[in-house]
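> Sequence first, predicted coordinates after that:
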Amino acid sequence: MAEVKTFFTDQSVVDYIEQLTEEQKKADSYRLIELMKQVTGEDARMFGPSIIGFGQYHYKYASGHEGDAPILGFSPRKAAFSLYVHTGCEEAAHLLENLGKYKISKACIYIKKLADIKEDQLLNLMQYTLDYISEKYQRIKQ
């Protein structure tokens, strides 16, 4: 079984954000922290070297692979923000309809800047994801 390589760290979230060179990326990061804390009730913590995570749950796949991950999170990457706020479930597809300008992979949403999407739709998507993960997996209280 593969070893888990990404885990929560004690790295400072503020220090991480402050090293970003784009002021808009910093501002959007702080706003995303507010929104994700509002939905999860959890403080921001670094997950690996570049993901800012909120809450924690334990997953275990049929393959036997298991580990811990943030319930919600984001990474302010150079090309775009990676938002970890979507389950990838078909049942949640309707929440993406009026989100705004984004690209998507299986369960990761990419945006250039926060102004490209509608915050109310993002909040709905995050709440759905929180509820889904809390129901399906073991949530770990911090």
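It's in.

> quick one: the strands in the protein?
Applying DSSP state E to the chain gives strands spanning 44-47, 51-54, 57-60, 66-69, 72-76, 81-84, 103-104, 109-111, 138-139.

> Quick check: which of those is buried the most?
Of all the strands of the chain, strand 51-54 has the most neighbours on average by mean count of other CB atoms under 10 Å, namely a mean of 25. C-beta coordinates here come from the backbone N, C-alpha and C atoms, glycine included.

> Name the strands paired with that one and say parallel or antiparallel.
strand 44-47 (antiparallel), strand 72-76 (antiparallel) (DSSP bridges).

> and the nearest residue to residue 31 once chain neighbours are set aside, what does it touch?
Sequence neighbours aside, residue 114 is the residue nearest to residue 31 in space, at 5.8 Å (criterion: CB to CB, 6 or more residues apart in numbering). Applying CB atoms under 8 Å, 6 or more residues apart in numbering to residue 114 gives the contacts 28, 31, 32, 81.

> just residue 113 next, same as before
Counting by CB under 8 Å, 6+ apart, residue 113 touches 24, 25, 28, 81.

> go again using 6 Å as the cut-off
Contacts for residue 113 (CB atoms under 6 Å, 6 or more residues apart in numbering) come out as 24, 28.

> Which strands border the helix or strand bottoming out on mean pLDDT in the chain, and is each parallel or antiparallel?
Taking mean pLDDT, DSSP states H and E as the measure, the chain has strand 138-139 as its least confident helix or strand, at a mean of 82. Strand 138-139 pairs in its sheet with strand 57-60 (antiparallel), by DSSP bridges.

> Other residues contacting the strand it pairs with?
Residues outside strand 57-60 that contact it (CB under 6 Å, 6+ apart) are 66, 68, 71, 133, 137, 138, 139, 140.

> One more pass at 8 Å, please.
Under the contact criterion CB under 8 Å, 6+ apart, strand 57-60 has outside partners 66, 67, 68, 69, 70, 71, 133, 134, 137, 138, 139, 140.

> For that strand, give the mean pLDDT please.
Mean per-residue pLDDT for strand 57-60: 88.
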